[in-house]
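A.B. asks: Here is the input, now give the coordinates:
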Amino acid sequence: MFIKYLSVKLLQYMCVILSVQTISTNKEIERLEKEIGKLSRQVMLQQLFIEEKTRSEGDSGLKQTRILNDGSKPYHFPTTRSKRGVAAIHDHGHMKRTIGVGEFVAVLNGVEFRTRHNDPELRMPSTTSSNFLETEEIPFPEVPPEVTKKETVAEQVQEMREWFRAFKDQNHKERDYRKYFKPVLCYLEGMWVYDNNTDILEPFLSDRHKLDASTFEDLEDKIMFTSYGGRKDGMENFGWLPKTIVYTENGKSPSYAQWIYRIVCHPLKHDLPLNRLRMIDDLSSRMMFLRSEEEEMKTRRARFKLNQRDRQEWKERFDQSPGFIDSLMSEIPGLDNYGGNLTDEALNLPAFCPGKEQKILNTAYYHRFYEEVRPDYMRLSLRKRAFSDSNLFMSMTSQQQVAGKSLNYCTKEDSLQKKACKSYHQRWSYAVPFEIIYLNPLTNWNPYNITYKGHYKNDPEAKFVTENGKRTGGNDIHTAYNGTNSWYFFQIPQSFYSGNENKKGNGGIGVLDENGKLRYTRASGIRVFIPEIRGIGIIRQRYPIMPLYSEGNTAYKEMESLKDIVLENNNYLKMFHNLPKDENSDKLRKNQIKLSVQRGITLIMSMATMSDPGPHTHYVDLSAENVNALKSKKKLTVRSSEDSGHDHRVTIEYRPFLKNPFVMTRCDHKRKCWDGHKKLLLENVEQVQEQDELKEDKNDIDRPENYKE
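C.D. replies: Below is the predicted model of the structure:
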């Protein structure tokens, strides 16, 4: 009995000990979970620090390509260019849809990454589906009926040349080339997606390359190994794509996100004249091979930019409003594809369309600028995405795979001493323009009626084009390609071009037509330069317009300023501390005096009269071009500076019969500013200080006989 009693007591004692140990273990586990949560948050803050530092040191854009050469000067080592071209662009003209783009390092919204060899297919976001990363083929332009109705191949060749002459000369009067030469805007897009530790995600298609890894962790191991030893993957299928912690669940368990990117294209809605594009004079690229600007233009290393405005005349300008590139990028949808429709209402400030009063912005499309309504003044104010990134375009998405961010935002306490709080959860993707490609009728032109047998991997008939390597495009019926497929795409008559491109077939590739007859052809795919056309010359098809990361750096801006002063000194004489002394000194001084007259001015709006938001003024900066336009009896609409939490969109006219000739005729789409600024725009601060004594003669300002529209 005693032994039984002792056994029960011993058992109870052991249970107490185990219970105490369990409680102690649970507390230790909970403590460790909290510590893991704290460490995870610290890692998140370290990632934020790196991204913020990267953002502050440059803009979104291209940063580096692979170096393959040596030299004695720093500019002999390429940064954003390889020997192939800017961003390592190159040709795969023998392939139907492949755009040649090599490896490069880029930055998007502070995230730096290194791509694999890209070679993307010419594809666009889906027009029928909202599925994540789903794309479809961009249709190629049709062949002009004036070409196809010709009875012989020789006549078709001659007529097709005339269409290319019209495109090169940008002359659409006799042959409206705009129907058959279609501009496509390609863009580099990046996003954070949730990392589910599954098979690697390949975000875009390529017939030649894909990430050589089973998982992203496998890819990371390969990058760490090759970076440690300085090795290169022979197929260039490795890429550095960072990973981050996006949040901690219940403050304990970290959740990871993986960075992915893709290169996609969008067919523009309207024609893009070639005079809207101009080569950027990158001196380091020219110095590498000692090329003139004209010589550089003829290479794949040339980089271009779009005019700030959709017009033929180019003017260097300081601007505060969306430019031409904004209108083009606004056609491109984010990850919700073309049917996307989302709004950004974060921080209780809905995003509106810039330049359009009270119209909500569809943030599912790419944009840089937006407007918001100040709740205290109920007036629109222009804003720009990012703190100081001139190149970044952003788009919201509803795709669940995209890693988002949440915020519980509380406003000031109300009369009941309670805070009004609202929760937001948003997902975003980022993009920069990459290049303009002018598609043309050559891809669909098939005067020899050569049979296209489909995709070289997916369609069974496609393998008969080469017969397992027996046919190589030779100049006899036994070695010529038996038709074409997506990899071996040759159907342009050899006679269309001048000169030799390949030793086979006297410069052409041998292909059998539908009747088994041997035809000499050239590649029909996308190229940087279309080979020389007999009687017309060489035509550029691809125009790289990608921005550079370094453009946001202070040293780069100083260098660009100095470059303009040195290379165009007659246009910037007033920037010299001392004018150059030579036999032309007098002429230079006269030019400087003349230039000082043709300068921009800063106008000041009169003091506001409304008690809320209180007395304040705004500045309106006008370039020399603006001043000349106003003096030519033209109206001008510009934005003022932001003061007292708002700005104004003002329409200005020049009325020389007034003492203060610059008159504001419209303010925020109305006749008067809501906060009481007067119509006259003043040219110095003293006038603003004395404005109480300055009386506007309304009859003089608005008298129609004194001013003609």
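A.B. asks: Next, the distance between the ends of stretch 94-102.
C.D. replies: 17 Å (C-alpha to C-alpha, to the nearest Å).
A.B. asks: can you check stretch 124-136 too?
C.D. replies: Stretch 124-136 end-to-end distance (C-alpha to C-alpha) = 6 Å.
A.B. asks: pretty sure T343 belongs to a strand, no?
C.D. replies: No. Per DSSP: H, G, I helix; E, B strand; the rest coil, T343 lies outside any strand segment and is coil.
A.B. asks: What is the neighbour count of it?
C.D. replies: Neighbourhood size, T343 [other C-beta atoms under 10 Å]: 14. Bear in mind the C-beta positions are built from the backbone N, C-alpha and C, glycine included.
A.B. asks: give me every residue that touches it.
C.D. replies: P350, A351, I360, L361, N362, T363 (C-beta atoms under 8 Å, 6 or more residues apart in numbering).
A.B. asks: hmm, 10 Å instead?
C.D. replies: P350, A351, F352, I360, L361, N362, T363, A364, M396 (C-beta atoms under 10 Å, 6 or more residues apart in numbering).
A.B. asks: repeat for R231
C.D. replies: Counted by C-beta under 10 Å, 6+ apart, R231 has contacts K222, F225, F238.
A.B. asks: So which of these are in helices?
C.D. replies: K222, F225 (DSSP state H).
A.B. asks: out of the contacts of R231, who has the most neighbours?
C.D. replies: Going by other C-beta under 10 Å, F238 tops these with 23 neighbours.
A.B. asks: List the contacts of that one.
C.D. replies: 103, 114-117, 211-213, 219, 222-223, 225-227, 231-232.
A.B. asks: Type out the ChimeraX command that picks the buried ones from the residues you listed.
C.D. replies: Selection of the buried residues among the contacts of F238 in ChimeraX, burial being defined by 16 or more other C-beta atoms under 10 Å:
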select :103,114,115,116,117,211,212,213,219,222,223
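A.B. asks: Just the ones of the contacts of F238 in helices?
C.D. replies: Reading helices off the contacts of F238 with DSSP H, I get L219, K222, I223, F225, T226, S227.
A.B. asks: Correct me if wrong: the fifth one contacts K232.
C.D. replies: Yes. In this structure T226 lies within contact range of K232 using C-beta atoms under 10 Å: 6.7 Å.
A.B. asks: Quick one: find the helix or strand in this structure with the lowest mean pLDDT.
C.D. replies: Ranking every helix and strand in the chain by mean pLDDT, DSSP states H and E puts helix 698-702 at the bottom, with a mean of 45.
A.B. asks: Would you check how far apart the spatially most central residue of the chain and P547 are?
C.D. replies: The chain has V432 as the residue nearest its centroid, 1.8 Å off, counting by C-alpha atoms, centre = their mean. According to C-beta to C-beta, to the nearest Å, V432 and P547 sit 6 Å apart.
A.B. asks: same check, this time on D459
C.D. replies: Applying C-beta to C-beta to D459 and P547 gives a distance of 39 Å.
A.B. asks: what do you get for A302?
C.D. replies: Taking C-beta to C-beta, one finds A302 at 15 Å from P547.
A.B. asks: coming back round to it: what residues does the residue nearest to the centre of the chain make contact with?
C.D. replies: 59-62, 106-109, 187-190, 325, 329, 366, 389, 391-393, 545-549.
A.B. asks: Kindly report the same for T484.
C.D. replies: T484 neighbours (C-beta under 10 Å, 6+ apart): 94, 96, 446, 450-454, 456, 462, 465, 490-491, 509, 511-512, 521, 524.
A.B. asks: make it 7 Å
C.D. replies: Residues counted as contacts of T484 (C-beta atoms under 7 Å, 6 or more residues apart in numbering) are I450, Y452, K453, V465, F490, Q491, V511.
A.B. asks: Leaving out sequence neighbours, find the closest residue to the third one.
C.D. replies: The shortest distance from K453 to any non-neighbouring residue, by C-beta to C-beta, 6 or more residues apart in numbering, is to E461 (4.2 Å).
A.B. asks: can I assume the one you found sits in a helix?
C.D. replies: Yes. E461 forms part of a helix when assessed by three-state DSSP.
A.B. asks: what number of residues lie near it?
C.D. replies: Neighbours of E461 using other C-beta under 10 Å come to 14.
A.B. asks: Quick check: it vs N482, distance?
C.D. replies: For E461, the distance to N482 - C-beta to C-beta - is 10 Å.
A.B. asks: ok, now T609?
C.D. replies: From T609 to N482 the distance is 83 Å (C-beta to C-beta).
A.B. asks: Between these two, which is the more surrounded one?
C.D. replies: Just comparing T609 and N482: by other C-beta under 10 Å the higher neighbour count belongs to N482, 20 against 12.
A.B. asks: and the more buried one, bridged to which residues?
C.D. replies: Beta-bridge pairing of N482 under DSSP bridges involves L512.
A.B. asks: about what we covered before: could you save the contacts of T484 as CSV and add columns showing secondary structure?
C.D. replies: Below are these laid out as CSV (three-state DSSP):
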residue, secondary structure
I450, coil
Y452, strand
K453, coil
V465, helix
F490, strand
Q491, strand
V511, strand
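A.B. asks: Could you save these as JSON lines and add columns showing distance to I530?
C.D. replies: Converted to JSON lines, these look like this (distance: C-beta to C-beta, whole Å):
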{"residue": "I450", "distance to I530": "19"}
{"residue": "Y452", "distance to I530": "21"}
{"residue": "K453", "distance to I530": "25"}
{"residue": "V465", "distance to I530": "24"}
{"residue": "F490", "distance to I530": "15"}
{"residue": "Q491", "distance to I530": "15"}
{"residue": "V511", "distance to I530": "19"}
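A.B. asks: Most neighbours among those, which one is it?
C.D. replies: F490 (28 neighbours).
A.B. asks: about what we covered before: so which helix or strand takes in the residue nearest to the centre of the chain?
C.D. replies: strand 428-439 (DSSP states H and E).
A.B. asks: And that strand, how far out from the chain middle?
C.D. replies: 5 Å (C-alpha atoms, centre = their mean, to the nearest Å).
A.B. asks: And for stretch 546-563?
C.D. replies: That offset, for stretch 546-563, works out to 17 Å (C-alpha atoms, centre = their mean).
A.B. asks: and what of stretch 676-683?
C.D. replies: So, by C-alpha atoms, centre = their mean, the centroid of stretch 676-683 is 38 Å from its chain's centroid.
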